[in-house]
Each structure stands twice: as C-alpha cells, then as structure tokens.
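Trainee: Okay, predicted coordinates and the sequence, questions at the end:
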Amino acid sequence: DNANAKETIVVAYEPPAKLRPAQIGLLMDERADTRDVTATIIDLAQRGYFTITELPAKWLFGKTDYRLDKKLAKGQSSFGREKSDTDLLKYEKELLQRLFDSKKSIKISELKTTFYDDLQKVKKLLYEDAMDNNFFLGNPESVRTKFFVIGILWTVAMVFIAVKLIMIQNYHLFMFCSGL
C-alpha cells in the first residue's frame, strides 16, 4: 500500500562470523590493546565463566572496585570444579588463568600492579590467534615495526643524499666563482 515505505533493518547482536570482541578489536585497528582484553573480560562474564560484582566505595573519596567470582560448572557443588573451558580460545584460557591463578575470586584493584606482564602474554596470544585464523598475512605488530625501521632507514638515506648533493652543488659553485 505504501510505496515509500523502506525496508525494516533488523539489528544483529551477534558478531560477524562468530568472532569474539578482542578479535574484532584487533581487526579494526590492527592492535591488540588493553581495550581488547577488557572486552574479553566482559565477554567471558557474559558467557558465564565468572560474575562481576560492583563493590561500593569504602569511604567518601574511595573508588568503586569490582570483584570477579569464578562460576562453577552446572550441577557442581561449591566444592566442584569450575566451568569447563573447552570452548575457549587460547588467549581466553590464558586470560582466565592469569586473572584468577588458583583463586576463586579476585578484585580488580588487586590486579593494578601485577597484571601488566600477564596482559602482554594475553595480547601476544591474541596476535597468534589472528595469525592462526589468517586474519593478517603477517603479525601486525611485526609488520608495523618492520615498516617503521624501513621508514627511518629511508629518511636517513634521503638526508645523506641531500647533504651530498648540496656539497656537490656548493663545490661546483665554488669552482665557478673562483674561475671568474
């Protein structure tokens, strides 16, 4: 009836090709960064591997903290084992291992001084995952470094050539002027 009606657009809540948030983040900017790991933490909680509980500030100027609590596998008692990690990617397994170590619960504030090295390992595994899935022809970090070095060497070579040309030009100008 209405000839001017437009097609309805249905919102899709699934990532393309079942990609995980960190993989999408890496594909978008070719960098495995803290934001990608943070997205993975939220995604793992959403998928049921742990819960995130907001802890109120302890005093007037205190900061809000968050506690991560590992979830147990279905049907397990509190003395049972944790939720199975068989459907996790390598970097997700590593992240869970490094977040909780052997603990059942961890506060985000406890990670501030110790998690940096763990974060680097998770980022490295995220790059490896991208390479395993053929998202890139080469590791983006290595490619970036290679082209940075090539750019520096090219710049040095061009400066060297420019200086030589100026010296040659000045020599010819000196010879021309002295011949007058």
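Mentor: Sure, I can see it. Residues are numbered from 1 along each chain as shown.
Trainee: Phi, psi for residue 8 please.
Mentor: For residue 8, the backbone dihedrals are phi -70, psi 130 (criterion: degrees, to the nearest 10).
Trainee: I'd like to know how many residues surround it.
Mentor: Here the neighbour count serves as a burial measure; for residue 8 (other Cβ atoms under 10 Å) it reads 5. C-beta: built from backbone N, CA, C; applies to glycine.
Trainee: which residues touch residue 22?
Mentor: Under the criterion of Cβ atoms under 8 Å, 6 or more residues apart in numbering, the neighbours of residue 22 are 32, 36, 37, 39, 40, 43, 91, 126.
Trainee: could those be laid out in CSV, adding secondary structure?
Mentor: Formatted as CSV, the entries for those read as follows, by DSSP: H, G, I helix; E, B strand; the rest coil:
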residue, secondary structure
32, coil
36, helix
37, helix
39, helix
40, helix
43, helix
91, helix
126, helix
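Trainee: Spatially, which two of those are the most separated?
Mentor: For the contacts of residue 22, the farthest-apart pair by Cβ to Cβ is 32 and 43; their separation is 14.8 Å.
Trainee: More neighbours: these two, which one.
Mentor: Neighbours around residue 32 and residue 43, counted as other Cβ under 10 Å, are more numerous at residue 32. The numbers are 27 against 15.
Trainee: I am assuming the more buried one contacts residue 126, so please confirm or correct that.
Mentor: Yes. Contact between residue 32 and residue 126 holds when scored by Cβ atoms under 8 Å: they sit 4.3 Å apart.
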